[in-house]
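K.L.:
this one's sequence-less:
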């Protein structure tokens, strides 16, 4: 997912030199990043937020929600303050007090991520409703969405919007374009048929200039969630049958998503990780491990009921992702938390690292957090408390005492999710 924020910079350059994109508004180019941005209070991370401010804040909230942590009011107010009056979000607005206008470059990915985060937090129905209406207003004729309004649809943007609509109970399948196309109609057009012996089941980001679909790991992971109607927080279902690519006519969103999961399972089986795609125009370097896309693939496989196929990837991430996450900041930590949570690993003991603590440290102190009580040695507990049953109830009592205050606050802030 963090790859998309880098893609925004490329999109800005492309918009300057490729202004002939059909239907693109004049002001599609993202603003140039400031060399030394003055970071506002409440924002997670210290890097220039020009391309990822709303994105990384939203991912941080989603990861915190997955581990029952409530962000501070200051942090939440920063995110809600980024929303424009029409419901959309830009990647980042340095001066949120200034009303959005025709020159404000709105971002479908940032909007969708923010809506998922605000839905998870609860008590933000008005902001979520306005965001849903904005997404509807910029839907492309094929039923999908591009990175910015007016851009051609792509698998990533369409998938994350589906996740936002589903989280907001907006029934994505019923949201039709002027030509009667749903988001799912657009999504399946990026799926590579099973008859392709090397890439069957994968999704492309977009067709290339010749119309060919080229497998993309990031797009595939996103499309698996979108095709299943899932958002970024995943509690994996019970294990399903072994993943395999199955052709249907016509292609259905769910089967296309499951075909994508089969492709990811095969791709991860080789090394435990996905590789980064070369940047456009760059020389053909040796493939480099892609930590973010690997984490997203774990989430996608877990959502499809195949987390057993992600075991090696979780192990690989535990051993190798620390330096990447430290450099990437809140969005990277959030991706790892979401992957661990979806798989069933403990994000507080991820390769010897407490990802939740590191994530929380990148922004304002949370309003509440629900950390598990430390495990005690069974034999020592018997001696100190008086037997097996006494030891068990001592643990339960300690856990209740530690979590009761946080529990009330978390319950209150999330009551509208019920």
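P.N.:
Arrived safely, thanks for sending. What you are looking at is a predicted structure, and each value in this text was computed from that prediction instead of being measured. Numbers count the residues shown, from 1 in each chain.
K.L.:
how many neighbours does residue 60 have?
P.N.:
A count of nearby residues for residue 60, using other C-beta atoms under 10 Å, gives 28. Bear in mind the C-beta positions are built from the backbone N, C-alpha and C, glycine included.
K.L.:
That one - that's part of a helix, no?
P.N.:
Yes: assignment of residue 60 by DSSP: H, G, I helix; E, B strand; the rest coil places it within a helix.
K.L.:
Please tell me I have it right and it contacts residue 332.
P.N.:
No: at 10.4 Å, residue 60 does not count as touching residue 332 under the criterion of C-beta atoms under 8 Å.
K.L.:
ok now stretch 144-159, how far from the chain's centre?
P.N.:
In terms of C-alpha atoms, centre = their mean, to the nearest Å, the gap separating the centre of stretch 144-159 from the centre of its chain is 15 Å.
K.L.:
Mind listing what's buried along it?
P.N.:
144-159 (16 or more other C-beta atoms under 10 Å).
K.L.:
So for it, mean pLDDT?
P.N.:
On average, the pLDDT along stretch 144-159 is 98.
K.L.:
which residues touch residue 362?
P.N.:
Under the criterion of C-beta atoms under 8 Å, 6 or more residues apart in numbering, the contact partners of residue 362 comprise 44, 45, 46, 60, 329, 330, 333.
K.L.:
who's in contact with the fifth one?
P.N.:
Taking C-beta under 8 Å, 6+ apart as the contact definition, residue 329 lies against 44, 45, 46, 47, 56, 362.
K.L.:
ok, now how distant is residue 146 from residue 211?
P.N.:
Taking C-beta to C-beta, to the nearest Å as the criterion, residue 146 is separated from residue 211 by 17 Å.
K.L.:
Spell out the secondary structure type for residue 334.
P.N.:
Note that with three-state DSSP, the state of residue 334 is helix.
K.L.:
Now find how far off-centre the strand or helix carrying residue 299 is within its chain.
P.N.:
Under the criterion DSSP states H and E, the helix or strand holding residue 299 is helix 291-303. From the chain centre to the centre of helix 291-303 is a distance of 10 Å (C-alpha atoms, centre = their mean).
K.L.:
Now it: average pLDDT?
P.N.:
The predicted confidence, averaged over helix 291-303, sits at 98.
K.L.:
swap in stretch 101-118?
P.N.:
Along stretch 101-118, the predicted local confidence has a mean pLDDT of 97.
K.L.:
quick one on the thing from earlier: from the contacts of residue 329, which single one is nearest residue 293?
P.N.:
Here the nearest of these to residue 293, counting by C-beta to C-beta, is residue 56; it sits at 16.6 Å.
K.L.:
pLDDT below threshold where in this protein?
P.N.:
Where the chain drops to pLDDT under 70, the residues are 1-37, 278-285, 371-418.
K.L.:
Give me the most central residue, it.
P.N.:
Using C-alpha atoms, centre = their mean, the residue of the chain that lies closest to the mean C-alpha position is residue 232, 4.6 Å off.
K.L.:
and stretch 313-327, how far apart are its ends?
P.N.:
The distance separating the two terminal residues of stretch 313-327, taken as C-alpha to C-alpha, to the nearest Å, comes to 20 Å.
K.L.:
my bad, should have said stretch 46-59
P.N.:
When the termini of stretch 46-59 are compared using C-alpha to C-alpha, they are 15 Å apart.
K.L.:
what's the answer for stretch 276-293, then?
P.N.:
Taking C-alpha to C-alpha as the measure, stretch 276-293 stretches 8 Å from start to finish.
K.L.:
Number the residues from 37 up from this point.
P.N.:
Got it, the first residue is 37 from now on, which makes the last one we talked about stretch 312-329.
K.L.:
can you pull the contacts of the residue nearest to the residue nearest to the centre of the chain when sequence neighbours are not counted?
P.N.:
When the adjacent residues along the chain are set aside, residue 268 lies closest to residue 98, with 5.4 Å between them (C-beta to C-beta, 6 or more residues apart in numbering). Taking C-beta under 8 Å, 6+ apart as the definition of contact, the neighbours of residue 98 are 149, 152, 153, 156, 267, 268, 269, 370, 374.
K.L.:
Against residue 270, how distant is residue 98?
P.N.:
For residue 98, the distance to residue 270 under the criterion C-beta to C-beta works out to 10 Å.
K.L.:
Show me whatever sits in contact with both of the two.
P.N.:
Both residue 98 and residue 270 are in contact with residue 374, where contact means C-beta under 8 Å, 6+ apart.
K.L.:
From residue 100, how far out is residue 400?
P.N.:
According to C-beta to C-beta, residue 400 and residue 100 sit 11 Å apart.
K.L.:
Can you get me a residue count around residue 381?
P.N.:
Look at residue 381: counted by other C-beta under 10 Å, it has 23 neighbours.
K.L.:
Isn't residue 383 up against residue 103?
P.N.:
Yes: applying C-beta under 8 Å as the test, residue 383 and residue 103 come out as touching, 6.1 Å apart.
K.L.:
And the strands in the stretch 137-286 of the chain?
P.N.:
In the stretch 137-286 of the chain, no strands are defined using DSSP state E, counting those that start in this stretch.
K.L.:
mind listing the helices in it by residue range?
P.N.:
When assigned using DSSP state H, counting those that start in this stretch, the helices of the stretch 137-286 of the chain occupy the ranges 144-157, 161-173, 191-203, 219-224, 253-263.
K.L.:
Dump these to a markdown table, plus distance to residue 286.
P.N.:
Formatted as a markdown table, the helices of the stretch 137-286 of the chain follow (distance: least, C-beta to C-beta, whole Å):
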| stretch | distance to residue 286 |
| --- | --- |
| helix 144-157 | 26 |
| helix 161-173 | 24 |
| helix 191-203 | 17 |
| helix 219-224 | 8 |
| helix 253-263 | 14 |
